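coords please:
(3 chains)
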Amino acid sequence: MKRFYALIQPFLEFCGALGRRLHFLVTSLVLVPSALARPRQFIEQLFYVGSVSFILIAVGGLFVGLVLALQFYTALSRFGATSSLGGLVTLALLRELGPVLTALLFAGRAGTSLASELGLMRATRQIDAMEVMAVDPMRRVVAPRFLAGILAMPLLAAIFSAMGVLGAYLIGIKMMGLDPGVFWSSMRHEVRFHSDFVNGMIKSLIFGVACSLISLYEGYHARPTAEGVGQATTRSVVISSMAILALDFLLTSFMY
Amino acid sequence: MTIPVPPRPLTGTRDLAQPTGPSAIRVQDVHFGYGSRLVFSGLNLTVPEGQITAILGPSGSGKSTLIELMTGQKKALRGQIEVGDEEVGVLSRRALFRLRRRMGVLFQDGALFTDLSVFENVAFPVREHTRLAEALIHHLVLMKLEAVGLRGAHSLYPSQLSGGMARRVALARSIVLDPLIMFYDEPLVGLDPIAMGMILRLIVHLNRSLGITSLIVSHDVSEMLEVADWCYLIAEGCVQGAGPPASIREMKSPWVRQFVSGGAEGPVPFHYPSRNYADDLFGKVRSA
Amino acid sequence: MRSIRTLEVTTGLFVLLGVAALFYLATQTTNYRSYGGRSYQVRAFFNNVGGLHVGAPVRMGGVTVGRVTRIHYSMTRYQAEVDLLISDHYDKIPADSTAAILTQGVLGEQYIGLSPGGAPTFLHKGSTIHFTQSAIILENLLGQLLTHGSHSGK
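All right, here's what the predicted structure looks like:
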């Protein structure tokens, strides 16, 4: 009996960890309307999440667009199909690279700062203080940050992709001298509104949920020591990144 | 849930007096522990209403845990804790929150919200729990800040405050909704004598002028014996001595004597249990 | 008070930029507009549509004027029926124009090419293109070539 228990212990622990995260997700989702009812805190968090990631995302998007255009140009010119450059870059950005890279950058920047902020609040007993003041920290602290994270992600992904398109334009037209008409019309012919654009945005919305949830969970349940906060921050990036890539595979296989 | 074996009880006599008069908090036969380590094994005490009660004990004796049990942040494995006429352990979250509105807790480091100014920190419970007009909140907050002598610091942020000031702001925050019971968790730790004196004066003042039942958890024996009306000494999971400060000083129990006088030797040994010293030095070198 | 204003303005700016990027991507880089813009639908029947698929462009002289919205097999005519959505800008396409399924490049995507006829009437909503030319099926072509080659060899 004891041996059997030792055997299934890791599995039980895994189930427990999963259950706690699901409970955290459901609680956060239930509290979303209350966060909307107090826009002040939610706007503050949106500002925070948006402003810390904005420059990173915009510059990142531009560079990814530049690189994609260069690589695709080289590859396409071997098939004599450089006229599809605009469409190909935009497809790659909207379907895959925009949502995924934005989420990874978000996890590294906004996610870690959310985790360390909550971890610090845990370590300095601010969360306990709220509890004994009869204020629910899930409602007051977690819910507005969660909502802000969910909303910020698609907006950031859109900024990333738009900057990427700008990058492709600079390479394709300004540097390689492609015809602007061909470049832009290939985009409109190749890229479909529903299956490419809308699905990409749904992806990034789901990444937003996953990323914010993981960072907030890790911070909220950090061990209340300086070391615990550091670990929570690291775990938030590692787990978020893995979750994003795994979810990306799942979503892609379901959607397309 | 099985209850782990209680630690070895301290030998010697115990003087366990009972406070007279109405009680605000009753703790009966409380057991609590983390994993296999038992913090409390059969703790019994009552906190008299409208008085200052000090809970004294060495570090790691679970004094702060006692506050967490009383505010319902943690649940006892066995036994009851009654605050007023409600049993904390069985309350729903909603009822617990209602009960907590009548309580104030001063945390060890104040636990101020670092992203809010002093004014907003004190205003926080008011904004969360009431729908008072902004002008009224302004008056209320400044009154409480005046009471702790920090009205002039209302626009500062927690990072700009000294340890003593932070604790006074936290005190103002915990009394802003006029609680009936105040818990002080190690209120004197890490303070210089002047700040210590200020906090003690505030605790006494709040108790004497407003009649707030006060429970102080501390290991600063001499200061507590000065201000408290009633003292409990806890160690090894239960109460080792109880009574008014004068009687604590007179107690015969060797452990209480060691704790109160701060002796290095006594029932609590200076040395951690070890092998014979000579054996350790001259005996065979143990392979690690 | 000033910091609160900056915060609100910056947040607003961020949201605005995000929404603008969303809008830009949706309308300028995808085929969104061709669904929303004014257009009219015509039909064409082909013996064989080859690799043509829904969404393929309809071109006149290389300029895209519309796209394929539906391909199915008509059980009354025993031919493939293709619905074409043509932009209202191009409302003067002669009724006797020819529709051909062509291929872009050697192995490129297939599209429908319209060659204008000379009739005084124009295609309008619901009309049918009568002159069509099916996709060139490489296998058939090769087959013909081989039979032809063996005949001449005799």
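
partners of the helix or strand harbouring C:R59 in the sheet?
Element membership of C:R59, judged by DSSP states H and E, is strand C:57-60. Looking at strand C:57-60 with DSSP bridges, its partner strands are strand C:63-74 (antiparallel), strand C:110-115 (parallel).

nearest to B:F107, out of these?
Across these, the minimum distance to B:F107, taken as CB to CB, is reached by strand C:63-74, at 66.9 Å. Yep, even glycine has a C-beta here, placed from its N, CA and C like the rest.

can you name the next helix or strand after that closest one?
strand C:79-87.

which strands or helices does that following strand pack on?
In terms of contacts (3 or more CB pairs under 8 Å, 6 or more residues apart in numbering or on different chains; DSSP states H and E), strand C:79-87 is packed against strand C:39-46, strand C:57-60, strand C:63-74.

where does A:M121 sit: helix, strand or coil?
Assigned with DSSP: H, G, I helix; E, B strand; the rest coil, A:M121 falls in the helix class.

quick check, it in contact with A:V142.
No - contact criterion CB atoms under 8 Å: A:M121 and A:V142 do not qualify, at 10.5 Å.

ok, and what's touching stretch A:164-174?
A:61-70, A:73, A:85-86, A:89-90, A:93, A:97-98, A:178-180, A:183, A:187, C:25, C:29 (CB atoms under 8 Å, 6 or more residues apart in numbering or on different chains).

so can I have JSON lines of the helices and strands packed on strand C:79-87 showing mean neighbour count and mean pLDDT?
Below are the helices and strands packed on strand C:79-87 laid out as JSON lines (neighbours: other CB atoms under 10 Å in any protein chain shown; pLDDT from 0 to 100):
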{"stretch": "strand C:39-46", "mean neighbour count": "19", "mean pLDDT": "88"}
{"stretch": "strand C:57-60", "mean neighbour count": "20", "mean pLDDT": "86"}
{"stretch": "strand C:63-74", "mean neighbour count": "16", "mean pLDDT": "85"}
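
now do the SS call for C:T132.
strand.

right, and it touches C:N48 too?
No - between C:T132 and C:N48 there is no contact under CB under 8 Å: 10.3 Å.

how about the strands in the stretch 51-200 of chain B?
Counting by DSSP state E, counting those that start in this stretch, the stretch 51-200 of chain B has strands at residues B:52-56, B:78-83, B:86-87, B:103-106, B:181-185.

indicate which one of these is closest to A:I57.
Nearest to A:I57, of these and by CB to CB, is strand B:103-106 at 41.5 Å.

so C:I93 sits right up against C:L123, yeah?
Yes - using CB under 8 Å, C:I93 is in contact with C:L123, at 4.6 Å.

joint contacts of the two?
With CB under 8 Å, 6+ apart, C:I93 and C:L123 have common neighbours C:I86.

doesn't C:A100 fall inside a helix?
No - assigned with three-state DSSP, C:A100 falls outside any helix and is strand.

please tell me how far the nearest residue to it once chain neighbours are set aside sits from chain A.
Excluding its sequence neighbours, the residue lying closest to C:A100 (CB to CB, 6 or more residues apart in numbering or on different chains) is C:Q133, at 3.8 Å. Remark: distance between C:Q133 and chain A (CB to the nearest CB, to the nearest Å) = 22 Å.

where along chain A do the helices fall?
A:2-37, A:39-79, A:85-92, A:98-106, A:112-123, A:126-132, A:137, A:143-169, A:180-190, A:199-220, A:226-255 (DSSP state H).

kindly apply the preceding question to chain B instead.
B:63-70, B:93-100, B:118-129, B:134-147, B:163-175, B:193-210, B:221-227, B:245-250, B:254-261, B:277-282.

need the pLDDT of the residue in the stretch 151-256 of chain A positioned nearest to chain B.
Of all residues in the stretch 151-256 of chain A, A:P224 sits closest to chain B, at 10.9 Å by CB to the nearest CB. At A:P224, the model reports a pLDDT of 90.
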